[in-house]
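*Asks:* Please find the sequence and the predicted model below.
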Amino acid sequence: MPRLFTAVEIPRDIAMQLSLLRGGLHGARWIDPENFHVTLRFIGDIDDRTADEVADALDRVNRRSFTLQIRGLDAFSSRGPHALIASIEPTASLLELQAEQERLMQRLGLKPEPRRFHPHVTLARLRGTTSSEVADWLAMRGDYRLPAFEVSRFVLYSSRSSVGGGPYLVEEAYPLAA
């Protein structure tokens, strides 16, 4: 039973720049640069027949390539900080691609994604890190930005069912029109 999700890959040069942020934060489990991505739609654990239907449905997506840019660092927090992220500027093209995938998954009978889409790259998972430690780490990095990069495809990833995912395996790649 595969665990699947769709995503935009992060180019190697951008991933290397993001990896330079590693360190200096107690309780951070840093994500390896080769596993950086922008999740579009988490699909979850599904049977092989449904996985084939998902792959076929995604093959019908017909969108143009676009650019994305990392603008800022932040943390996800509910009862305390649990993930350190690099925020992605939410362009119309990215939001439309994600919304189309959401509609396709619901047409296949998958439950709607309960969380609002917030485009980001997870840099680290946090455990036992205080809000003030995260605030200090973020403050030292200021207004973090990286050059825009071209998105010419999205992918269907599989992951092992464990805390933190990775390593991720590209099951299918879906090119975007030039």
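*Replies:* Good, I have the coordinates.

*Asks:* Following the chain past the top helix by length along the chain, name the next helix or strand.
*Replies:* Longest helix in the chain, counting residues (DSSP state H): helix 92-107. Using DSSP states H and E, the next helix or strand after helix 92-107 towards the C-terminus is strand 120-126.

*Asks:* could you dump that next one to PDB, C-alpha only?
*Replies:* Provided in PDB are the C-alpha atoms of strand 120-126 (Å, rounded to 0.1, in the frame of the first residue of the first chain):
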ATOM      1  CA  HIS A 120       6.400  26.000   1.800                       C
ATOM      2  CA  VAL A 121       9.500  23.900   2.000                       C
ATOM      3  CA  THR A 122      10.000  22.100   5.300                       C
ATOM      4  CA  LEU A 123      13.500  22.700   6.500                       C
ATOM      5  CA  ALA A 124      13.400  20.900   9.900                       C
ATOM      6  CA  ARG A 125      11.000  19.100  12.200                       C
ATOM      7  CA  LEU A 126      11.100  20.400  15.700                       C
END
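
*Asks:* Could you report the separation of residue 115 from residue 122?
*Replies:* 14 Å (C-beta to C-beta, to the nearest Å). For the C-beta atoms, the positions are set from N, CA and C on the backbone; glycine is no exception.

*Asks:* residue contacts, the residue lying closest to residue 95 once chain neighbours are set aside?
*Replies:* Distance criterion C-beta to C-beta, 6 or more residues apart in numbering; nearest residue to residue 95, sequence neighbours excluded, is residue 117 at 7.1 Å. Counting by C-beta atoms under 8 Å, 6 or more residues apart in numbering, residue 117 touches 40, 90, 95, 98, 99, 102.

*Asks:* before we move on, what about residue 155?
*Replies:* 6, 7, 8, 9, 170, 171, 172, 173, 174.

*Asks:* I'd like to check which residues are in contact with the last one.
*Replies:* Same thing as residue 174. Residue 174 sits next to 58, 59, 61, 153, 154, 155, 156 when contact means C-beta under 8 Å, 6+ apart.

*Asks:* Buried ones among the contacts of residue 155?
*Replies:* Among the contacts of residue 155, those classed as buried by 16 or more other C-beta atoms under 10 Å are 6, 7, 8, 9, 172, 174.

*Asks:* Might one say that the second one is in contact with residue 38?
*Replies:* Yes: with contacts defined as C-beta atoms under 8 Å, residue 7 counts as touching residue 38 at a distance of 5.8 Å.
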